[in-house]
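Q: my questions are about this predicted structure, shown below with the sequence.
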Amino acid sequence: AQSVSQHNHHVILSEAASLELGCNYSYGGTVNLFWYVQYPGQHLQLLLKYFSGDPLVKGIKGFEAEFIKSKFSFNLRKPSVQWSDTAEYFCAVNVEGNLIFGKGTKLSVKP
Amino acid sequence: EAGVAQSPRYKIIEKRQSVAFWCNPISGHATLYWYQQILGQGPKLLIQFQNNGVVDDSQLPKDRFSAERLKGVDSTLKIQPAKLEDSAVYLCASSQGRAGGYGYTFGSGTRLTVV
C-alpha cells in the first residue's frame, strides 16, 4: 500500500536556524506532492506543491521543497525560521486521486 | 472565494450516541473528501465523492459510518453508534477534480469527543 513517512515527530529550533523536514513516499508511479501546514487552532493550509517540471519548488512564507525522484523524497526547507513558523507540517502524496498524508512533524521555534 | 464550511466546530457525545457533521464545499468543486484526523496522526481519508457519486469508501467503517452528498453539493457524515476511538477531528476538503493537478481546500474541521 502507498504510504508517506515523515522522519521527525517533533523538531525544536531557535529563531534564525535553518529547517529541513524529511518526507519519503512509497509509490512507483507518477505522483503529485504537497506540503501542508497547520497552525495551532487553524485548518490545514497549502504551503507548496509539486506536479511536474523544476524539482525545486518554492512556496509561501519562504519555504521550498525539493523532489528527488530517485530517493522518493520531497523534503521541506527554510533557510531561517521564525517564531511564527511554529506549527505542524504534513507531507502528502496524491496517488490516483487520493491524497495520502504522513503523520506530521511538529515544529517548535524558540524566540 | 468562500472556503469550505463545516459545522459544528465542536461536538461532545457519549459512546453509543449518534452524531452528524455537515460540509459545504467551495462552489463548483466536483470532488469532496472526508478525512479523520486522530490526535498525533495525519489525516486519513474516509470517503471521496465525485459530484454525488462515491469514488472511494474503502477506509470508511461502514458498520457505523455513513456519508451522503445529495445533489452533488453539500455533504453529511454520520456516526451511529459512536465509539471512544472515534474521537478525532473530521475534516472536509474539496477540489475541482480528482487529478493531482487540482488543489485541495480544507475546512476548519469538526472536533468530536466521545466520552
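A: Received the coordinates, thanks. Residues are numbered from 1 along each chain as shown, chains lettered A, B, ... in the order given.
Q: what about the strands in the chain?
A: As the question left the chain open, I've gone with chain A. With DSSP state E as the criterion, chain A has strands at A:3-6, A:10-14, A:19-21, A:23-26, A:32-38, A:45-50, A:56-58, A:64-68, A:73-78, A:87-95, A:98-101, A:105-110.
Q: could you do chain B instead?
A: B:5-7, B:10-13, B:19-24, B:31-37, B:44-50, B:53-56, B:65-68, B:75-79, B:88-95, B:105-106, B:110-114.
Q: for chain A, which of these is the nearest?
A: Closest of the strands of chain B to chain A is strand B:105-106, at 4.2 Å (criterion: CB to the nearest CB). For the C-beta atoms, the positions are set from N, CA and C on the backbone; glycine is no exception.
Q: wait, residue A:22 sits on residue A:71?
A: No: at 10.2 Å, residue A:22 does not count as touching residue A:71 under the criterion of CB atoms under 8 Å.
Q: more neighbours: which of those two?
A: Using other CB atoms under 10 Å in any protein chain shown as the criterion, residue A:22 and residue A:71 rank with residue A:22 on top: 15 against 10.
Q: grab the nearest non-local neighbour of the more buried one.
A: Closest residue to residue A:22 apart from its sequence neighbours, by CB to CB, 6 or more residues apart in numbering or on different chains: residue A:7 at 3.9 Å.
Q: distance check, the residue nearest the centre of chain B against residue A:58.
A: Centroid check for chain B by CA atoms, centre = their mean gives residue B:34 as the closest residue, at 2.8 Å. Plainly put, residue B:34 is 31 Å away from residue A:58 if you go by CB to CB, to the nearest Å.
Q: thinking again about what came up before, could the strands of chain B go into JSON lines alongside mean pLDDT and distance to residue A:31?
A: Shown next, in JSON lines, are the strands of chain B (pLDDT from 0 to 100; distance: least, CB to CB, whole Å):
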{"stretch": "strand B:5-7", "mean pLDDT": "96", "distance to residue A:31": "28"}
{"stretch": "strand B:10-13", "mean pLDDT": "97", "distance to residue A:31": "35"}
{"stretch": "strand B:19-24", "mean pLDDT": "97", "distance to residue A:31": "26"}
{"stretch": "strand B:31-37", "mean pLDDT": "95", "distance to residue A:31": "18"}
{"stretch": "strand B:44-50", "mean pLDDT": "93", "distance to residue A:31": "16"}
{"stretch": "strand B:53-56", "mean pLDDT": "91", "distance to residue A:31": "17"}
{"stretch": "strand B:65-68", "mean pLDDT": "97", "distance to residue A:31": "26"}
{"stretch": "strand B:75-79", "mean pLDDT": "98", "distance to residue A:31": "27"}
{"stretch": "strand B:88-95", "mean pLDDT": "94", "distance to residue A:31": "16"}
{"stretch": "strand B:105-106", "mean pLDDT": "90", "distance to residue A:31": "20"}
{"stretch": "strand B:110-114", "mean pLDDT": "97", "distance to residue A:31": "30"}
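Q: of those, which is nearest residue A:48?
A: strand B:105-106 (15.0 Å; CB to CB).
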